[in-house]
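>>> need a structure here:
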Amino acid sequence: MTGQRISIFPLAGALLFPDAQLPLHIFEPRYRAMVSDALARDQQIGMVQPMENGIRPRLYDMGCLGRITDCEALDDGCFNIVLTGVGRFHIIKELDVTTPFRQVEANVEAEGHWRDDALAPVLRASLEMEARRFAEHLGYVVDWTAVARLDDVTLVNGIAQVAPFDVASKQSLLEANSLEERVERTIQLMQFFGLTDKEGPATLQ
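Next up, the predicted model:
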């Protein structure tokens, strides 16, 4: 890991994983300033989840550094961007800055750290089976033929990004230390959130 200064975008429920992509519409003035600053420097922004609501919430210790790989500057000053995950980071400390957006010092995992991970066929099959059941429960329309062609990392991270889990649950997926561990947690969460009663979907407390 290498330590570096990172401009961060705290956004609940939005996960970015290494090598995955996350489209974002940037409209708040402080984050428009952050994007402009990133474009002028290294094109990098750190996505991290807040632990609570508020203007300056506490943050989880781990996030994912993203590189701006597509950017559309709109006439009203907003941006449409696509972040591509570079590597997870661990926050060392928050920095005292004058910018409207927050910055941290963090250790960043080496790029490509997850790229060669692969799943045992039986675990891949279990994930796809549970994903089908979960999607049907939610009423999602999915092209399963296209899903079957995805590599293991893209499939796992794609499910983790789009599944409607709560913030703490999504954070647990980001913090998994191997692809296999992330799959096992994803399956457990789909099973849990797929439970229904008279009040609707179950939620974690």
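>>> what distance do you get for residue 190 to residue 97?
Distance of residue 190 to residue 97, given as Cβ to Cβ, to the nearest Å: 39 Å. Every C-beta, even on glycine, is put in place using the N, C-alpha and C of the backbone.
>>> these two - which one has more neighbours?
In terms of neighbours (other Cβ atoms under 10 Å), residue 190 is the more surrounded of residue 190 and residue 97; the figures are 20 against 12.
>>> what about the more buried one, which helix or strand?
Residue 190 is part of helix 179-193, with elements assigned from DSSP states H and E.
>>> how much distance is there from that helix to the middle of the chain?
Using Cα atoms, centre = their mean, to the nearest Å, we find the averaged C-alpha position of helix 179-193 to lie 15 Å away from the chain's own average C-alpha position.
>>> helices and strands around that helix, which ones?
Using 3 or more Cβ pairs under 8 Å, 6 or more residues apart in numbering; DSSP states H and E, the elements in contact with helix 179-193 are helix 121-138, helix 152-162, helix 167-174.
>>> in this protein, what secondary structure element scores lowest on mean pLDDT?
strand 196-197 (a mean of 40; mean pLDDT, DSSP states H and E).
>>> so the most centrally placed residue in the chain, which state does it fall into?
For the chain, the residue lying nearest the average C-alpha position, counting by Cα atoms, centre = their mean, turns out to be residue 15 (1.4 Å). Secondary structure, DSSP: H, G, I helix; E, B strand; the rest coil: residue 15 is coil.
>>> domain parsing for this protein?
2-108, 121-197 (automatic domain parsing).
>>> which of these has the lowest mean pLDDT?
Across the domains of the chain, the stretch with the lowest average pLDDT is domain 121-197; it has a mean of 89.
>>> distance from the chain centre to that one, please.
13 Å.
>>> equivalent analysis for stretch 18-26, please.
Offset of stretch 18-26 from its chain centre (Cα atoms, centre = their mean): 8 Å.
>>> now do the lengthiest strand in the chain against helix 167-174, angle only.
For the chain, the strand that runs over the most residues, judged by DSSP state E, is strand 79-94. For strand 79-94 against helix 167-174, the angle between stretch directions is 80 degrees (axes from the mean of the first three to the mean of the last three Cα atoms, to 10 degrees).
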